[in-house]
Each structure stands twice: as C-alpha cells, then as structure tokens.
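Enquirer: need a 3D model of the following:
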Amino acid sequence: MTRRPSSSFRPRIVILLLLVSSCAGKDFEEVLESVPVVPIDLVVNSLKCGLASAVEQDKLNRSGLFGSKAVVMLSVNIVQGRTATGEITAGIPVSTGIVTPKLGFGHESTLTRNSKLDFIVNLNSRTSAICLVAGPASRDAGFSLWLSKVVGGINAAVGGAPTASISKYTYESDFIVKDTGGGGLDVAIVPVKVSASASATRSDIQNMKIEIAAVHFKKGKPVAGGQEFDIPLER
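Expert: Below you'll find the predicted structure:
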C-alpha cells in the first residue's frame, strides 16, 4: 500500500521552488554602478581613427573619401557604471566574455539601445594623426577593418574601360566593447551577429550604421561620385 505524503509536507516543496526561481532570476540582472563601462568618446575616437587611416591609405585617390562626409549613426545603451579607474559615470557596458550583462525587470531605465547618436565626420585631412591620441581602441575590428580592405581593393582594381568609380559606402553592424585583458584599460570594438531576442535583452550589444557619399574635386569644388579609376584629377 502506497503512503501519501502528509499535507504539511507539500508547502515545503512549493517554497523551495520559489526560492530557487527567485535566486536564478537575480543572477542575470545588472546591478547599477557595478557594470563596467567605457565612455562614448572611445567609440567616436575609434571611428575617426579608422576613417582617417582609410583616407591616408588611398594613395591613388580612387576611394572618393577625401573631402566627403561620413554620416555616423550609433544606437547604443548608455548606463551608469564604473570605469577602469573606479569612477562612476554613464557609458557603454563592457562585454567581459564571462558574465554577459543582462537587463532585469526592475531596470526600465536601461532598455536596449536607449540612446541614438547621429554625427558627421568631415574627411578633410589626409593624415591619421588622430590615431595617436584616440585611446586604447584606436581602430575598431569591424568598420575600420572593412573600410581598409575596401580601399585596398579599389586601389588594386584594373583601370580603363569600362570605367568605374565609387558612388557610396554603407556599413551596418551590431558590436560589443570587449575587455582585452587590461582591466578595462585596453578594449576592442568587435562586430557580432546576434538574434533579435538577444539584442533585446543584452545591454552590451550596440549598433552602428555609417554612410559615406563619395566625392571628387573638379576645379577645386567637390562633385558627387568618386574619381574614375586611373583618370587624373582636373585642376
């Protein structure tokens, strides 16, 4: 004959399950002022360095970058946390690779991509001096690398008929700011591919979109479209 559990035993099981559930939920919540962050200027400086380096790299003047404007659209989380020096400030969460910051139900103020920053970078210099003072992530591993490879390919392309010229550059990617081992002093901006559900719950996933309309100069004035390959500039 099977003995049924007493009624006094049942509530203990329910209480135990509630406690386990409660503890598991808190493991994935961010604690304000403990999340490692980096200032937004680090990302801006990194993009400026990448753009300046691409202009400097274009020795054949084919890219149409010099004299153009890069329209940069950042959609990022800005939360309150601690920098590598211990300062409490608003910044972009660092993805440590060990514990991924996630949003808890009680943190409505840190919704995914809660800030949109649009700005223009005027590509009116042929030097990459900005990279000397741009900070630890002087060139990101996503956009800057992509643009460098594109400019290199343009310079290697065969000229002559049928003629070709660059019209526009468009780049968009999710990215994370990753600690590379310097305790927040050395970071890398790394592109990632994630699902919509992941980007909606992880505060360390950001997004950037960059558009550049190529130009060339005719009689000293910028004209839409890059210079045709192997055709000298008109003076």
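
Enquirer: for burial, what's the neighbour tally of Gly91?
Expert: Under the neighbour criterion other C-beta atoms under 10 Å, Gly91 is assigned a count of 25. Just so you know, the C-beta spots here come from the backbone N, C-alpha and C atoms, and that holds for glycine as well.

Enquirer: same question for the one 3 residues further on.
Expert: Other residues near Val94 come to 21 when the count uses other C-beta under 10 Å.

Enquirer: residue ranges in the protein under the pLDDT threshold?
Expert: 1-34, 96-112, 181-185, 196-201, 231-235 (pLDDT under 70).

Enquirer: recalculate using a threshold of 90.
Expert: Within the chain, the stretches with pLDDT under 90 are 1-42, 77-91, 93-114, 133-139, 156-163, 178-188, 193-205, 219-222, 227-235.

Enquirer: and the strands in it?
Expert: For the chain, the strands defined by DSSP state E occupy 37-38, 69-76, 79-82, 88-95, 115-122, 168-179, 187-192, 206-213, 215-218, 221-224.

Enquirer: quick one: which of those strands is nearest Asp140?
Expert: Closest approach to Asp140 among these (C-beta to C-beta): strand 187-192, 3.5 Å.

Enquirer: what lies in contact with that closest one?
Expert: The contact list for strand 187-192, computed with C-beta atoms under 8 Å, 6 or more residues apart in numbering, reads 38, 42-43, 46, 94, 136-137, 140-143, 173-180, 205.

Enquirer: try stretch 130-141
Expert: 41-43, 45-50, 52-53, 145, 175, 177, 182, 185-191.

Enquirer: Thr180 reaches Ser95, doesn't it?
Expert: No - here Thr180 lies out of contact with Ser95, judged by C-beta atoms under 8 Å, at a distance of 11.2 Å.

Enquirer: quick one: which of the two has more around it?
Expert: Ranked by neighbour count (other C-beta under 10 Å), Thr180 and Ser95 place Ser95 first, with 23 against 13.

Enquirer: can you pull the contacts of that one?
Expert: 101, 176-179, 204-205.

Enquirer: cool, and Phe175?
Expert: Contact analysis of Phe175 by C-beta under 8 Å, 6+ apart lists 140, 142, 189-192, 205-208.

Enquirer: change it to 6 Å
Expert: By C-beta atoms under 6 Å, 6 or more residues apart in numbering, Phe175 lies in contact with 142, 189, 191, 206.

Enquirer: closest to Gly220 out of those residues?
Expert: If you rank these by distance to Gly220 using C-beta to C-beta, Gly142 comes first, at 34.8 Å.

Enquirer: can you tell me the closest non-neighbouring residue to Asn114?
Expert: Excluding the flanking residues, the one nearest Asn114 by C-beta to C-beta, 6 or more residues apart in numbering is Asn77, at 5.7 Å.
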